[in-house]
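*Asks:* could you work out the structure for the sequence below:
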Amino acid sequence: MVFLSKENEMSEVKFEFKTKKEKDWLIGLLRSEIVELTFTKKDGTERIMKCTLAEQKIPAENAPKGVERAKSDEAVAVFDLENNGWRSFRWDSLTNIYFTLGSLKNA
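*Replies:* Predicted coordinates for the structure are as follows:
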């Protein structure tokens, strides 16, 4: 991921997932959490998608069937929770990633 700083202020410019380590980080997050991704579709419009790869958050009828599809270095398939179906996004089209890691309770 690339971030540019501007006068001691971190400013997000563009995500660039180029290395396997960077891509594995997001895939790992998707395997455990619901992530809101913003990306630019091929037609140039912006799309916001709440998605996951966490098996326990995917309805049983939509769960992967055990037959693995061909993997792409340019795109990744995720389960879209709002449209209840599998969708994909291109790594080079991501503009925002939003996620939460949980909460802390004061005992």
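*Asks:* pretty sure Val76 contacts Asp92?
*Replies:* No: applying CB atoms under 8 Å, one finds Val76 not in contact with Asp92, separated by 11.6 Å. Every C-beta, even on glycine, is put in place using the N, C-alpha and C of the backbone.
*Asks:* those two: which is more packed in?
*Replies:* Taking neighbours as other CB atoms under 10 Å, Val76 and Asp92 compare with Val76 leading, 20 against 14.
*Asks:* show me the contacts for that one.
*Replies:* Lys23, Ile27, Ser88, Phe89, Trp91 (CB atoms under 8 Å, 6 or more residues apart in numbering).
*Asks:* which ChimeraX command selects the buried ones in these?
*Replies:* Buried residues among those (16 or more other CB atoms under 10 Å), as a ChimeraX selection:
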select :89,91
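*Asks:* nearest to Lys41, of the contacts of Val76?
*Replies:* Phe89 (8.6 Å; CB to CB).
*Asks:* for that closest one, phi and psi?
*Replies:* phi -140, psi 160 (degrees, to the nearest 10).
*Asks:* the nearest residue to it once chain neighbours are set aside: neighbour count?
*Replies:* Nearest residue to Phe89 in three dimensions, chain neighbours excluded: Phe39, at 4.7 Å (CB to CB, 6 or more residues apart in numbering). Using other CB under 10 Å, Phe39 is surrounded by 19 other residues.
*Asks:* do Ala77 as well
*Replies:* Taking other CB under 10 Å as the criterion, the count of residues near Ala77 is 15.
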